[in-house]
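Asker: Curious how this folds, go ahead:
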Amino acid sequence: MNTKKGTRSLEEVNASVNTSSKGGFRKLLAFFGPAYMISVGYMDPGNWATDIEGGSRFGYSLIWVLLMSNLIALLLQSHCARLGIVTGRDLAQASKDHYPRFINFFLYILAEIAIAACDLAEVIGMAIGIHLLFPAVSLLTGVCITVLDSFVLLFLLNSGIRKLEAFIISLVAIIGVSFFIELLIAKPDAAEIAKGIIPGLPGNEALYIAIGIIGATVMPHNLYLHSSLVQTRKFEHTPKEIRKAIRFNVIDSTIALNLALFVNAAILILAGASFFYSGHHEVREIQDAHELLAPMLGSTLAPLLFAIALIAAGQSSTVTGTLAGQVIMEGYLNLRLQPWIRRLMTRLIAIIPAFLTIYFFGEDKTGDLLVLSQVILSLQLGFAIIPLIHFVSSKQKMGTFVIPLWQKVLSWMAVTVIVYLNCQMLINKLTEWMADSKHVLLISFTVVPFMLFCFLMLLYIIFEPLLARKKEKRSSDFHGHIPTLAFDKRSAYKRVAVTVDFSDSDIRAVNKAVSLGGKDASYTLIHVLESTNAVFYGEDANDRERHTDYKNLLHYAEQLKQEGYECQVKLGFGNPKTVIPDAVHEARADILVMGTHGHSTFKDILLGTTVERVRHRINVPLVLVPNG
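Answerer: Now for the predicted structure:
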């Protein structure tokens, strides 16, 4: 079993909900929450588009796809919970630990595309919901308004993970109640619904919609997020407590995902009852569905509830999509962006295609864009599911908590179905595209090679465990390993300040500092926490990262003291551009030594150029130690 320690997934809220002091039913309730945040991804606006089109064109005949997708989702989400609870790693971190750099970069790009496709659905859904409630607000304006919800997550996350979960659950309740009332109004035929449970596809067009439903239901970014969110619960990591945590999270997932199934089935049944059986087989847009609900059902309440539920679905899923983006970027790249930058980047990537589609092709094309976004999600599924199955099947990673044989068999059956349906759909679409296009050669030399490359990468990921040899473990900790310092002794300044970040560059920085001051000087080691908690709460921040980094500082100081150097430590909170100068003044240092990290211009824009700002805020010499 992998017990690797270091910076944890979603550090700000990791192990922030204590479950150890509770017992019985209260302990079960303490574990409830993560799956509800995952469940909103199963009822986002992208699901609406595929469910509405499936119901209006094929009636109840695709209900079996929803049931199958839900069973697959429940199995896979239980794997995610198991991975996070047992190993303390999320799926992105586990992939980073296991695969070569090139494979990880490829998986990261696919995961970011999936996040963008998901956010695209949320942008369009929110914009449509706003337009339906307030017709004077155009879709283009609604798309622009969705930028503002980018900062809702920042406020909620700083209030604690339980408040965020409560917010999400309240939105889920709004969606569920709205559709329950709409089903009572629609009065669907129960016998016809029962027939839809029998598997069958009315044709290739139904296959495309079925794959869209799978992509909208089993969402790849949810696999990454769930493996992280389960780590927000604090409990004793004994075999008995780990088994309890897995069991409680499976119960949480079962309830939450069945609520999501109810919402998805309600949308499809509502579309079938309202449109398919009344002859309106071409209802593909959410706006059309909204307009037809009142005359079809004879109620003005139905379209109002429809619009409210749509906004709730878009808002709830945008929050979880942002968290998933953070997990993926930090896990694969060890890169921390300031939260507002991460959110804005994700949202702008989604807004641009939505804005251009509406502007150039009109509002009636938003439905096609929504369905396409869900197909993109489905295409990425194999690249997230297969590593997950490998990891939870590995005794080396999971120890005695490896999944049983029957779960392995069902998991591989599920991924086989998904990959097969995707390949079938791609072949059909490529054939249609090449038959209708005037640029067959261009498609042959661009799209076809890319598809073959993706297929080869998928084969590699499938068979990698059979081919892999033992590799050196890769750390996905933000600070990496804490090195043992090697000392180079010389002399000069009386009070020397040196910044550290717990990377190998610290060896060069500290050596440079002691060469300038020698054993007659006193040294101040400075490290700055830049997490969301540190920025908002300052010295009141009390999370795992604070305690870990302070312990690392003391570890460095002890090494210096053992070598005969006088040393103290300073842990700062917030923006290093201002915190470092303040720490230098407080220590009354004669000189500041800083390591450099060779950031590119682009990375400096994202992370900020600390050195330049620090240089202008201190009145003592600044020595920069190059990295390497």
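Asker: Give me the below-cutoff pLDDT ranges for the stretch 151-300 of the chain.
Answerer: By pLDDT under 70, the weakly predicted segments of the stretch 151-300 of the chain are 151-160, 215-217, 284-285, 292, 294, 296-299.
Asker: Just say helix, strand or coil for Leu456.
Answerer: State at Leu456, reduced to three classes by DSSP: H, G, I helix; E, B strand; the rest coil: helix.
Asker: now it: how far from Phe105?
Answerer: Distance from Leu456 to Phe105, counting by CB to CB, to the nearest Å: 15 Å. For the C-beta atoms, the positions are set from N, CA and C on the backbone; glycine is no exception.
Asker: quick one: which of these two has more around it?
Answerer: For Leu456 versus Phe105, neighbours defined as other CB atoms under 10 Å are more numerous around Phe105 (13 against 10).
Asker: For that one, which three-state class applies?
Answerer: helix.
Asker: if you skip the residues just before and after it, what's nearest to it?
Answerer: Tyr332 (7.7 Å; CB to CB, 6 or more residues apart in numbering).
Asker: Figure out how far the host helix or strand of that neighbour is from the centre of its chain.
Answerer: Taking DSSP states H and E as the definition, one finds Tyr332 inside helix 301-333. Helix 301-333 has its C-alpha centroid displaced from the chain centroid by 11 Å (CA atoms, centre = their mean, to the nearest Å).
Asker: other SSEs contacting the lengthiest helix in the chain?
Answerer: Looking across the chain with DSSP state H, the single longest helix is helix 239-274. Here helix 239-274 is seen to pack against helix 24-31, helix 34-39, helix 45-58, helix 63-87, helix 161-186, helix 204-217, helix 286-297 when contacts are counted using 3 or more CB pairs under 8 Å, 6 or more residues apart in numbering; DSSP states H and E.
Asker: Which neighbouring elements make contact with the third one?
Answerer: Counting by 3+ CB pairs under 8 Å, 6+ apart, the packing neighbours recorded for helix 45-58 are helix 101-133, helix 204-217, helix 239-274, helix 286-297, helix 301-333, helix 366-392.
Asker: Turn these into TSV, columns for distance to Lys27.
Answerer: Converted to TSV, the helices and strands packed on helix 45-58 look like this (distance: least, CB to CB, whole Å):
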stretch	distance to Lys27
helix 101-133	33
helix 204-217	30
helix 239-274	7
helix 286-297	41
helix 301-333	25
helix 366-392	24
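Asker: His527 is nearest to which of those?
Answerer: Closest of the helices and strands packed on helix 45-58 to His527 is helix 301-333, at 18.6 Å (criterion: CB to CB).
Asker: What's the separation between the residue nearest to Ala30 when sequence neighbours are not counted and Glu236?
Answerer: Leaving aside its sequence neighbours, Ala30 sits nearest to Thr19 (CB to CB, 6+ apart; 4.1 Å). Using CB to CB, we find Thr19 at a distance of 9 Å from Glu236.
Asker: quick one, which of these two is more surrounded?
Answerer: Neighbours per residue (other CB under 10 Å) separate Thr19 from Glu236, with Thr19 holding more: 21 against 11.
Asker: Next, Thr19: phi, psi?
Answerer: Dihedral angles of Thr19 (phi, psi; degrees, to the nearest 10) stand at phi -110, psi -10.
Asker: rewinding a little: any idea how far Ile169 is from the residue nearest to Ala30?
Answerer: Separation of Thr19 from Ile169 (CB to CB): 18 Å.
Asker: Name the residue closest to the centre of the chain, please.
Answerer: Ala324 (1.1 Å; CA atoms, centre = their mean).
Asker: ok now do that one, which residues does it touch?
Answerer: Residues near Ala324 by CB atoms under 8 Å, 6 or more residues apart in numbering: 115, 118, 221-222, 224-225.
Asker: domains of the chain?
Answerer: 17-405, 495-625 (automatic domain parsing).
Asker: Quick one: closest of those to Pro449.
Answerer: For Pro449, the closest of those is domain 17-405, at 14.9 Å, according to CB to CB.
Asker: just how off-centre is that closest one within its chain?
Answerer: Distance of domain 17-405 from its chain centroid, counting by CA atoms, centre = their mean, is 11 Å.
Asker: how long is it from one end to the other?
Answerer: End-to-end distance of domain 17-405 (CA to CA, to the nearest Å): 32 Å.
Asker: ditto for stretch 516-524
Answerer: 13 Å.
Asker: Name the residues of it that are buried.
Answerer: 516-517, 521-524 (16 or more other CB atoms under 10 Å).
Asker: what's it in contact with?
Answerer: Residues from elsewhere that reach stretch 516-524 (CB under 8 Å, 6+ apart): 489-498, 513-514, 560, 564-570, 583, 587, 589, 591, 593, 623.
Asker: one more time with 10 Å, if that's ok
Answerer: By CB atoms under 10 Å, 6 or more residues apart in numbering, the surrounding residues in contact with stretch 516-524 are 489-499, 510, 513-514, 556-557, 560-561, 563-570, 583-584, 586-593, 621, 623.
Asker: would a markdown table of the helices and strands packed on helix 239-274 with mean neighbour count and distance to His547 be doable?
Answerer: Shown next, in a markdown table, are the helices and strands packed on helix 239-274 (neighbours: other CB atoms under 10 Å; distance: least, CB to CB, whole Å):
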| stretch | mean neighbour count | distance to His547 |
| --- | --- | --- |
| helix 24-31 | 14 | 22 |
| helix 34-39 | 28 | 23 |
| helix 45-58 | 29 | 40 |
| helix 63-87 | 24 | 21 |
| helix 161-186 | 18 | 18 |
| helix 204-217 | 23 | 40 |
| helix 286-297 | 19 | 48 |
